[in-house]
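> I'd like to go over a predicted model; first the sequence, then the structure.
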Amino acid sequence: NAGVTQTPKFQVLKTGQSMTLQCAQDMNHNSMYWYRQDPGMGLRLIYYSASEGTTDKGEVPNGYNVSRLNKREFSLRLESAAPSQTSVYFCASTVGGMGETQYFGPGTRLLVL
Amino acid sequence: DAKTTQPTSMDCAEGRAANLPCNHSTISGNEYVYWYRQIHSQGPQYIIHGLKNNETNEMASLIITEDRKSSTLILPHATLRDTAVYYCIDHSNSGYALNFGKGTSLLVTP
C-alpha cells in the first residue's frame, strides 16, 4: 500500500493564480483532512471530509475549496493564490472519525510570489 | 490554542531513554492522548495513544498519570533518527478538530 499520496511535491505560483492540490489514499479510509503548516508552527486544519460526499470547514478555511471526489480522493483548491497561503500542505486520513489515528501524506510545499 | 502543554525543546544522548512530558490538565473522561512525531520536512507520523492505562508498542511507551492530567512518552533507546518534533494531542472520538500545537523539538546527540 502506498498509504496517503500527494501531488505535486512542490509548486510555485504567482499571486492570483489558481491550482489544485491532489490527495489520494488506498487504505479504504472514510475520513480525509487537509492541514497547513507554517514555519515554526503546528498544523492547522483547513477542511475535512467525514465521508464521501461531505465536507466541513476547519480552523482556517478562507481562501480554499475542497472536493471529495470519491472515497479515495480529496482535493484542495486555491482559486486565487495569495502570499499568505505560502505553506506546507498535508493531507491525512482516518478509518472513521477525527478521533482516530491519522495517517499523513508527505506534504506539498507551496510558494506564492 | 493547544489544549496540551509541552516543553519547547529537549536534548537526549543517543542510546539513552528520552522522556517527553505533556500536561493535558483539561482532558475529559472520554478523550484519548495521542502522540505523533514529525521528522524534518516529512508528514507527521503516529506513535502511540492511550486512554487510562499505560501503553507500549514497538516504537515507544506511554505513561499516563492516574488523574490523567499528564503523560510521558518514552523512547527507550533513542537514536539519531528519533530527532523530530513530538506532538501530544488530546481528543475524543466526538469529531472536533485536532490541535497539534507546537510540540517538543527533540534533538538526539551522538
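Received it, and whenever you're ready, just let me know what you need. This one's a predicted model, so the numbers in the text were calculated from it and none came from an experiment.
> distance of A:Gly96 relative to A:His29?
8 Å (C-beta to C-beta, to the nearest Å). Any C-beta I mention is one placed from the backbone N, CA and C, and that applies to glycine too.
> looking at the two, which has the bigger crowd around it?
Higher neighbour count among A:Gly96 and A:His29: A:His29, with 18 against 14, using other C-beta atoms under 10 Å in any protein chain shown.
> how far away is the spatially closest residue to that one that is not a sequence neighbour from A:Gly3?
Of all residues not flanking A:His29 in the chain, A:Ser93 sits nearest, at 3.9 Å (C-beta to C-beta, 6 or more residues apart in numbering or on different chains). The gap separating A:Ser93 from A:Gly3 is 9 Å, by C-beta to C-beta.
> tell me what the helix or strand where the residue nearest to A:His29 lies is packed against?
Under the criterion of DSSP states H and E, A:Ser93 resides in strand A:87-94. Strand A:87-94 sits against strand A:4-7, strand A:19-25, strand A:31-37, strand A:74-78, strand A:103-104, strand A:108-112, with contacts defined as 3 or more C-beta pairs under 8 Å, 6 or more residues apart in numbering or on different chains; DSSP states H and E.
> count the residues that sit near residue 108.
Just going to use chain A. Residues lying near A:Thr108 (other C-beta under 10 Å) number 23.
> switch to chain B, please.
The number of residues packed near B:Val108 is 20, by other C-beta under 10 Å.
> show me the contact partners of the worst-scoring helix or strand of chain B on mean pLDDT.
Lowest on mean pLDDT, DSSP states H and E among the helices and strands of chain B sits strand B:84-91, with a mean of 89. Residues outside strand B:84-91 that contact it (C-beta atoms under 8 Å, 6 or more residues apart in numbering or on different chains): A:42, A:98-99, B:3-4, B:6, B:20, B:22, B:24, B:26-27, B:31-40, B:44, B:47, B:71, B:73, B:98-106.
> adjacent strands (with direction) for it?
strand B:32-38 (antiparallel), strand B:104-109 (antiparallel) (DSSP bridges).
> so where's the chain uncertain?
The chain I'm using is chain A. Chain A contains residues with pLDDT under 70 at A:98.
> meant chain B actually
Low-confidence segments of chain B (pLDDT under 70): B:1-2, B:92-98.
> let's see it at 80
For chain B, residues meeting the criterion pLDDT under 80 lie at B:1-3, B:29-30, B:90-101.
> buried set for stretch A:50-68?
Buried residues in stretch A:50-68, counted by 16 or more other C-beta atoms under 10 Å in any protein chain shown: A:50, A:55, A:58, A:60-61, A:64, A:66, A:68.
> got a markdown table for those, with secondary structure too?
Output for the buried residues of stretch A:50-68, formatted as a markdown table (DSSP: H, G, I helix; E, B strand; the rest coil):
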| residue | secondary structure |
| --- | --- |
| A:Ala50 | coil |
| A:Thr55 | coil |
| A:Gly58 | coil |
| A:Val60 | coil |
| A:Pro61 | coil |
| A:Tyr64 | coil |
| A:Val66 | strand |
| A:Arg68 | strand |
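> out of those, who's nearest chain B?
The shortest approach to chain B among the buried residues of stretch A:50-68 belongs to A:Gly58, at 5.6 Å (C-beta to the nearest C-beta).
> I'd say the closest one and A:Leu45 touch.
Yes - under the contact definition of C-beta atoms under 8 Å, A:Gly58 touches A:Leu45, with a separation of 3.2 Å.
> about what we covered before: can you say which of the strands paired with strand B:84-91 is packed in most?
Scoring the strands paired with strand B:84-91 by mean neighbour count under mean count of other C-beta atoms under 10 Å in any protein chain shown gives strand B:32-38 as the most buried, with a mean of 23.
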